[in-house]
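Novice: I'd like to go over a predicted model; first the sequence, then the structure.
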Amino acid sequence: MKRFILKRILSMIPVLFIVSVVIFSLVHLVPGDPAAAMLGDMATAEDIAALHARLGLDRPLVQQYFVWISNIFHGDFGDSVANHQTVASMILSHLEPTIHLTILALIIAVLIAIPLGMIAATRKGSVVDHSVTVLSLLGISLPSFLLGLFLILVFAVRFKLLPSSGYVPMRQGFWMHLKSILLPAIALGFMNAAFMMRMTRASLLEVLGSDYIRMAKAKGVREMAIVTVHAFKNTLVTIITVIGQSLVQSLSGAAVVESLFAIPGLGQLMVNSIGRRDYYVIQSIVLLIAVFNVIVNMFVDILYGVVDPRVRVS
Amino acid sequence: MSILHANEMTVSAANANATETLTGAGFEELKARLAKEQRAIRIRRFTSNKGAVFGLVVVLMVLLLAILAPVICHYDPLALDTVNRLKPMSLAHPFGTDTMGRDVFARVLYGARISLFVGFTVGILSGVLGMVVGLYASTNKLADNILMRICDGLKAIPSTLLAITLMAVLGADIRNVIMALTIVSVPSMARLARGRALVIREQTYIEAMRCLGASKLRIMWKHMAPNIISPIIVQVTFVFASAIISEAALSFLGAGVPAPAPSWGNILNEGKSVIYQAWWIVCFPGAFTALTVLGLNLLGDGIRDFIDPTSEG
Amino acid sequence: MEAVAERNIIDKKLIFPDSLRESEEGFKSTSAEDAYATAPQDVILEVKDLCTGFHTERGFLKAIDGVSFSVKKGEMLGIVGESGCGKSVTSQSIMRLYDERKLVRYTGEVRFLGQNLFDLSEREMQHVRGEKIAMVFQDALSSLNPVFTVGHQIMESLRIHRNISREEAKKRSVEMLGLVGIPDPERRFYQYPFELSGGMRQRVMIAVALACHPRLLIADEPTTALDVTIQAQIMDLIVEMNRKFDMGVMLITHDLGVVAETCSRVIVMYLGQIVEEGLVTDIFDHPQHPYTKGLMASVPRLDSRSGERLHQIKGTVPLLNQIPEGCRFAPRCPYATEACRRSMPDFISTSSTQRARCFRIGEL
Amino acid sequence: MKKRNRRAAAAVMAVAALLVTACGGGSSNSTTAAGASAAADTSGSETGSSAGTSSAAPAEGTKCQDTLHIAVQQQAPSLDLHKNSSLIARQMMDGTVFEKLVTLNSQAEAVPELAESYELSDDARTLTFKLRHGVKFHDGSEMTADDVVASMNRWIEGFSTASTMLGDARFEKVDDDTVKITADTSLLLLPPMIAGSAQPAAITTAAACKDEDDNGFMKQYIGTGPYKFTEWVQDQYVRLDRFDDYVPYGNKGEEMDGWAGYKSAPTQTLEYDIVPDQATASAGLESGQYDIIWNVSSDDYPRLEANPALSVASAQQGSVALIFNHKQGLGANQSFRQAVNTALNCDEILTAAFGSGYELGSCYMDSGQAFWQTDAGSEYYNQHDVDKAKQLLTDAGYSGDTFRILCSNLGGSDKMAVAMKSELEAVGITVDLNIVDWATLTDYRKDPSLYDMYITTFAEVPVPTLKLYYGTNYPGWSVDDKLQSMFKDMTEATTMDDAKAKWEALQGYSWEYLPIICPGHYLGQYAWKKELTGVNMYSGGPKFWNAGIPLA
């Protein structure tokens, strides 16, 4: 196991290298000048030139790349074009909301999707099954901003139960914090739930048709235990893949929900940075997401081994 | 079939007292009957699956609406009429008008062309590419490491930036939106396919095929692919839906089709800012997207049953 | 002319194939006579007119139609017939394993120790399955849950039906593994099914089934997936268990050799019906029903000359939705007459222990 | 300095206020500031507007709700008013945290604020300010002439219009409470520029001027205003708290005249929450989470107006400018420009983007600047005469090549472009739209080969000299001797009436030469809880110096 983790961590190096080259060239291919975006139109030529020199934009591209990479190794992710903040501090300040939102959204999605998916599979063809299918298809095709707006209108404006937007950090009280990210988490979670529901149902149906389920029934195992123990552990492989995938997707998908609910998360930071051509911030966020992806997928593969002994051996 | 047939003829001639074997004609007739029956079963299996039929009808209807748009609706989707902007549903405008007074019904119909085109192409492209990457990744270790790490990297790139840069380098075109959305959707599809393929590879019938000396390629495509089709179809419909919505976001950026041209996504966009006054602008494209996704999904399930008779799915 | 020629071929080969008579050196099982002598009197399983119909795309089809037989305590009953004749459906109907909500409808009675299993609720049936009636299947690799250890799957049976502690269950499970002849049961306890050999897995499945010492074991082709030597060991194991736990065994197989060696009574099924029933000696020495004769004749013989064509029963088993009128074997039966094609023959007993369903029994 | 640019690459865009990560559950962008634009490119100051100041401030000493939650749509790149011209930064800081030597009254005249008085020399070449005494800075220090000189000179260096106008002239200290500036050009219009330009001349301590971060922005925001800067959490909120030993001017209890007057600051804390999505903001207002919301879209305005618990207000925000590329391509041909101008229907264009939140008007200066109003050249305004346009096209020898319009996807510019496209196609001009995001627009409009016209918006300006597009090197390049000389005469004027006359001539000729087409002016619309009183709606958005929600 240790060797496996080490191998994966090492394999992260080439990924980050590829991603850093790709994102660096992507960002510098996109026209639009950070200084102009920052200083506005009335800025004098000297100010713009000074800012470019400061950001090192006047040097040839390749040199800029290596300066950036070497700085990262020294822990300096560069400075944001916006107000006097380093990229690292900006990302850290925006990290908490996104992580909390993503985790809560995942929990909601799992709590909705897995049980419903299992019920739909066990009662295949029944009314429950059809309604779950339709519900999950609606979830997939409903844009998250529509769902978000609907939630705001009902829970914030109509019943005034939850704040309509804004983010309350954890340190200002857990319940206030939870209330502030509940609605966005539902909006974000629903889309993932829809997808998870369908995947759970499909894989559970396949497992329920296998011989060891018939053997379990012949052993006198109760209906409920057959589904929740025997069948479920075999569908875990697919479910883990889907959870891993929605975790990554919601991290980047959170941006829409964040701007709708005014949550200062990584998604918003990314959007504003693209608008401001804040090169270093964009590049660092993308690297962070890449690292996050590799780690999540590593855990998914490890969990494969834990759940399915045959995979562990190979 | 023919070899067996020929052999049969010679044997029965030589061995008069062999038990009665099917004569040539009888055999032919049986083969035809069985093939016809098998086809009948499959069709009956498809038509008996009400969902699949409903899906087929819905998808065909939407396709027809898109193609026959000029016939059905005489409004020009681009004609401005700011005098009666944001008018609710009426006989003149079955779906009301949008912020610029254009007829939403016409825009939804014409918009279907772009949205369906983008949705289908991105869905199918990422489905096929995802399966290819997933299968190769599951079969040999080296490919697995390289491909999966590239996927992890690709997934980090925001598709906005990707679309914009493709636009910058290759010019504004719907193809760029499709390329950007496909590149972003392939990684998750590949990971799903790989997950399934790893499980399938352990099955005994795959080992059996290996014993029969089947080439790796044959095993992959003839035996592993049909068995991982089921989750792929679910994911394709998912990618189809998100492609329609994301296409709008990108074309709003000018990355895809320029603004005046309608697509379900950018009608949704325009409707979003006037959602309190003119909810219908958001409603109809949303409903059409949901309906198409529902139809496509049920059709997908039907097709999967058609291809893979064992699946209970 | 054709039919007559074909018939005397069967007569010539009628004498009982010697090879089956003496037991091969590996077998220690009792011969047919011993089994008969010790046949117990009390009946544990009584099946009367069992019909199992499936709702399929081609409409409601009866897989087995009016099957009646019984299994006595300690008796080994063999059920033989071509694949597709309803052997497995019978066994799984007894255990009510099919989904009764939408897939299947049962008629008739299955009395186990006097209790009609069809009257039981699903919950009560769960107490019967695994504890009183156990079942083993053909391929242990697919019948054992791949993600649970072997030990866990045995313990589960014990913990469902016996409220004993985990340690006790573990001890019993290791014991059971030893009992079914698995070397080093302590270590094997923690292994997964895919880590064991074919024979070993089959023994584990038997251990799982017999964990609670059931009164009846239904073995649905337990040895088909194994090679001959392992097959013999497994059959020895089953016979040993049968005698040790005084357990009734319903052995479902298409291998006449295995039946001859181990069973005391035999039932021959064809197209969802029992066509002949009798002691193993009756069936092998003087089969009555043409189908049974055909089956016996198609067993390859050690002393047959090389190059000689094997005997075949002509035609194929018709599909369930194309069952012919009258006797179901008529289209393939060399002795079929007009009467056979018109009406279904009843059972005619040719002795106290043997009967068959055919109009022309006396004449053949 | 220019990083290698991608001129060769085709049209391109990124997103400014909009988010669009498409992978996974991505969805459409979140905000289209359909209402007033808050584009970074808003220059010029604000002068009086018809709305004037609204309801009277809560009586002295009444207990008010201690925090006002204000939902704004965008975040300023920086709050250093000397170095960036974003409207949102001004709306938060100008007059609230920073005060200026002079500020605007309701007639858009420069009246003293931190200065005791100011006088212009006869030849209008020297401007002298006498400073008030005992004015306290937020860091407790007292305002001195050195602080003023440092601040004003930092302002000039950071503000291109001022630095071009004043050349090397800088402020200098005369004695402890007087400063003056002498230039070789007329300083007649300098006071209104100080009072209301897009980069207001905020007064801060000399030390603060020096203490800049690596990007050249002030690290601390130390002003003399009634509120002091407390905290700015990126992408979340900006919090200002009452400055207890603020030294007010003007007379207590009297209503403010424009921005000038007594500031009682009844509310303890002003919290500007950043809420990117406009629909969420109005929902937040209705659910009571926010007390005031910005950028109400004109379509949403009637609904909020009808809500009994809310009150709404609108004020001049800025004007639209369709700027031709005079250097090369179709835009260089004057009769082609006139043909385009003749074809356009200003009502349709402005409705497309702002719904009902706009005002027509041929004068480049909006109705808020009564003094500068003129209808010179109005016969060319809003003709939408198809035949005359076609005639002008043949005069211009138009042979059908595409007229390329560049615009951003912000503030409804793309909607205006779509409206123009159909109008121009009606007269036979083939039009190609190129929608880019804000950062790309500012980059692309610098290259004359890429477009024939681009669309942008300008905030209100107190004086016409602040109209950027008259500059020869401002993108659009209106290089025309007659135009330049008329503009120069105006800036040289020594009396207001003389400047007005020159401006009328310039406005008349502008409608012929068409440096830009100004279809009209758009309104900024706001909504807040009914209980809130004392909001100063003089210009450029609400100010809360005297505002508060009295607690029952």
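Specialist: Nice, I can see it. Numbers count the residues shown, from 1 in each chain, chains lettered A, B, ... in the order given.

Novice: and A:Thr86, how close does it get to chain C?
Specialist: Separation of A:Thr86 from chain C (CB to the nearest CB, to the nearest Å): 48 Å. For every residue, glycine as well, the C-beta is placed using N, CA and C.

Novice: please read the previous query as pertaining to A:Phe174.
Specialist: 37 Å.

Novice: same thing with D:Gly400?
Specialist: 66 Å.

Novice: which SS class is D:Leu188?
Specialist: Following DSSP: H, G, I helix; E, B strand; the rest coil, we place D:Leu188 in the coil state.

Novice: which ones are touching it?
Specialist: D:Leu120, D:Ala124, D:Ala493, D:Thr494, D:Thr495, D:Met496, D:Ala499 (CB atoms under 8 Å, 6 or more residues apart in numbering or on different chains).

Novice: can we see that at 10 Å?
Specialist: D:120, D:124-125, D:127, D:463, D:465, D:490-496, D:498-499 (CB atoms under 10 Å, 6 or more residues apart in numbering or on different chains).

Novice: D:Leu120: neighbour count?
Specialist: 16 (other CB atoms under 10 Å in any protein chain shown).

Novice: wait, it touches D:Leu127, no?
Specialist: Yes - using CB atoms under 10 Å, D:Leu120 is in contact with D:Leu127, at 5.5 Å.

Novice: what touches both of these two?
Specialist: Contacts common to D:Leu120 and D:Leu127, judged by CB under 10 Å, 6+ apart, are D:Leu187, D:Leu188, D:Leu190, D:Pro191.

Novice: circling back: scan the contacts of D:Leu188 and report the most crowded one.
Specialist: Result: D:Val463 is most packed of the contacts of D:Leu188 (other CB under 10 Å), 27 neighbours.

Novice: got a list of what it touches?
Specialist: D:44-45, D:47, D:108, D:188-193, D:196-197, D:365, D:369, D:371-372, D:490-491, D:496, D:499, D:503.

Novice: check the gap between it and B:Asp301 for me.
Specialist: Separation of D:Val463 from B:Asp301 (CB to CB, to the nearest Å): 70 Å.

Novice: quick one on the thing from earlier: in helices, which of the contacts of D:Val463 fall?
Specialist: Using DSSP state H, D:Leu190, D:Pro191, D:Pro192, D:Met193, D:Gly196, D:Met490, D:Thr491, D:Met496, D:Ala499, D:Trp503 are the members of the contacts of D:Val463 that sit in helices.

Novice: of the residues you listed, closest to chain A?
Specialist: D:Met193 (11.5 Å; CB to the nearest CB).

Novice: quick one, which of the contacts of D:Val463 are buried?
Specialist: D:44-45, D:47, D:108, D:188-193, D:196-197, D:365, D:369, D:371-372, D:490-491, D:499, D:503 (16 or more other CB atoms under 10 Å in any protein chain shown).

Novice: pLDDT below threshold where in chain C?
Specialist: Applying pLDDT under 70 to chain C picks out residues C:1-41, C:364.

Novice: remind me, longest helix of it?
Specialist: Chain C, longest helix under DSSP H: helix C:228-244.

Novice: is any part of the helix or strand following it close to chain A?
Specialist: Moving toward the C-terminus from helix C:228-244, the next helix or strand (DSSP states H and E) is strand C:248-252. No - residues of strand C:248-252 are not located near chain A by CB under 10 Å from any CB of the partner chain, the shortest gap being 13.2 Å.

Novice: tell me how far strand C:248-252 lies from the chain's centre.
Specialist: Using CA atoms, centre = their mean, to the nearest Å, the mean C-alpha position of strand C:248-252 is found 5 Å from that of the whole chain.

Novice: hey, C-alpha coordinates of it in PDB?
Specialist: Only the C-alpha atoms of strand C:248-252 are listed here, as PDB (Å, rounded to 0.1, in the frame of the first residue of the first chain):
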ATOM      1  CA  GLY C 248     -32.200 -36.300   2.300                       C
ATOM      2  CA  VAL C 249     -30.500 -35.300  -0.900                       C
ATOM      3  CA  MET C 250     -32.000 -34.300  -4.200                       C
ATOM      4  CA  LEU C 251     -29.200 -34.600  -6.700                       C
ATOM      5  CA  ILE C 252     -30.000 -32.800 -10.000                       C
END
